[in-house]
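Engineer: Sharing a model that was predicted from the sequence below.
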Amino acid sequence: MKLTEAMASRFSARAFIDTPVDRQTVYNILDLARQCPSGSNIQPWKVHVVTGEARTQLIERAIAYAEENPIGAGPQGNPIHPREFVQPYKTRRFQCGMRLYEALGIDRKDKAARQAQLMRNFYFFDAPVGLIFSLHKSLLPGQLGDLGIFMGNVMLAARQFDLHTCAQGFWQDVSPAVHEVLEIPEDYLVYNGMALGKIDPDSPANHLDMGREEVDGFTEFLGFS
Ligand SMILES: Cc1cc2nc3c(=O)[nH]c(=O)nc-3n(C[C@H](O)[C@H](O)[C@H](O)COP(=O)(O)O)c2cc1C
């Protein structure tokens, strides 16, 4: 697959089918992704890949954790997620939620339906494989960018194998459960999760258009004729 095709066909998929993804395929995706750059070649990424029983255990523990620590209040002391977004990010965040609910036919006043959609995150949107990305806390915040580049590479590499992904900051909110099940040491930050698998192409959850700011909206071109 051409890079342009991989980039154009990547989107955040939120409805997967249960076709298994084998270990070698995930390995090959990570093998491609690890070619990405990082400042001073630090390579701060650490990845846990779960499927089968390991995936089930993670889901069950995370749901149990969220029952005791309701999601929404945000992770305690998490240094990478602002409590209040400033503009224009606040509006974009709001629109992102609205576009998702609209595509799924969820009334924004329907709290139960919104909660049910949030719950889909626990199940990696039914993807057979979940990835958890973490990094050593001593590296924060400078190397979070490196990890983001790595995750971007994973998303594009997945397209090469006809697979889709959805990054999930969601897993930060249940990070104590993630630490426990995956035995991630406390001096590591659970940064993000990611669903990986084959998608249900007919699901409305896979037909969202989130929209993007035009290049001129975020770029200053200087010195060009
Ligand atoms: C770091 C990161 C974390 C994200 N976390 C979530 C999440 O927890 N749940 C979710 O449904 N989507 C999540 N997304 C997907 C974004 O909402 C999505 O990338 C954005 O709306 C743009 O849409 P697109 O990826 O389909 O182009 C995340 C994306 C990124 C890059």
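Structural biologist: Noted; the coordinates are in hand.
Engineer: which parts of this protein sit against the ligand?
Structural biologist: Contact residues (CB under 6 Å from any ligand atom) of the chain with the ligand: 11-12, 14, 96, 121, 166-170, 192, 210. C-beta here means a position set from N, CA and C on the backbone, and glycine is covered the same way.
Engineer: where does the residue nearest the centre of the chain land on pLDDT?
Structural biologist: With distances taken as CA atoms, centre = their mean, Ala167 lies nearest the centre of the chain, 1.4 Å away. On pLDDT, Ala167 comes in at 98.
Engineer: Spell out the secondary structure type for it.
Structural biologist: Secondary structure assignment for Ala167 (DSSP: H, G, I helix; E, B strand; the rest coil): strand.
Engineer: Quickly list what it is bridged to.
Structural biologist: Met194 (DSSP bridges).
Engineer: thought it was touching Phe150?
Structural biologist: No - counting by CB atoms under 8 Å, Ala167 stays clear of Phe150, with 11.5 Å between them.
Engineer: show me where pLDDT drops low in the chain?
Structural biologist: 72-80 (pLDDT under 70).
Engineer: Spell out, range by range, the strands that occur in it.
Structural biologist: Assigned by DSSP state E, the strands in the chain fall at 46-50, 129-136, 164-168, 188-197.
Engineer: These: which one's closest to Ala103?
Structural biologist: Closest to Ala103 of the strands of the chain, according to CB to CB: strand 164-168, at 14.0 Å.
Engineer: name the helices or strands packed onto the closest one?
Structural biologist: Other helices and strands packing on strand 164-168, by 3 or more CB pairs under 8 Å, 6 or more residues apart in numbering; DSSP states H and E, are helix 144-160, strand 188-197.
Engineer: No further queries at this time; thank you.
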